[in-house]
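Novice: no sequence on this one, just coordinates:
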């Protein structure tokens, strides 16, 4: 389980510390449409998914930290819901798009979390995971710092995340642009 105390402590400062990722790549990978339901799991303050809320019918922002969700509510970032990645409170095949940005390494039992994400993804839907690529030196330093901070983080290579998804009989591709970020895209 992620160190909720730490996330609760940094929640009011989070958007000042981490800049908003206005990635055109992420927008292209999501392929959003106005009639779709988008679920952002581990979405924190909504710093990323809030930029897409006008592109979809509904954005649900889920996070384990109530303090992070409180920050999202202040800026009207979707509909906020306190959730665990291991027990999503939605019926099977509920969402057209699911987004996980810089959060997968905080999920406990990541194989189980992937299965849960795919369970609530509609057939024909798309899961987009953005994660720091642990194969890069600077991400290894971040991983070490998170270990020292007792955050319970566990980083995987993009190919390992791809294998988790494909282990659930869903095809996934890895996108590795220049830099330390990787995108794993699954089509159900």
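Specialist: Cool, the structure landed. Note that the coordinates shown come from a computational prediction; the quantities given were computed from them, not determined experimentally. Numbers count the residues shown, from 1 in each chain.
Novice: rest of the way, CA atoms for contacts and neighbours
Specialist: Fine.
Novice: pLDDT wise, what is residue 38 at?
Specialist: In the predicted model, residue 38 carries a pLDDT score of 98.
Novice: so it touches residue 79, yeah?
Specialist: No. Applying C-alpha atoms under 8 Å as the test, residue 38 and residue 79 come out as separate, 10.5 Å apart.
Novice: what touches both of the two?
Specialist: Shared contacts of residue 38 and residue 79, defined by C-alpha atoms under 8 Å, 6 or more residues apart in numbering, comprise 58-60.
Novice: which of those residues tops the neighbour count?
Specialist: Looking at these with neighbours defined as other C-alpha atoms under 10 Å, the largest count falls to residue 59 at 25 neighbours.
Novice: Hmm, that one is touching residue 38, no?
Specialist: Yes. Taking contact to mean C-alpha under 8 Å, the distance of 4.9 Å between residue 59 and residue 38 places them in contact.
Novice: Look at residue 38 and residue 79 and report which has more neighbours.
Specialist: For residue 38 versus residue 79, neighbours defined as other C-alpha under 10 Å are more numerous around residue 38 (29 against 16).
Novice: what does the stretch of helix or strand the more buried one belongs to contact?
Specialist: In this assignment (DSSP states H and E), residue 38 forms part of strand 37-41. Among residues not part of strand 37-41, those counted as contacts by C-alpha under 8 Å, 6+ apart are 49, 56-63, 85, 94-101, 103.
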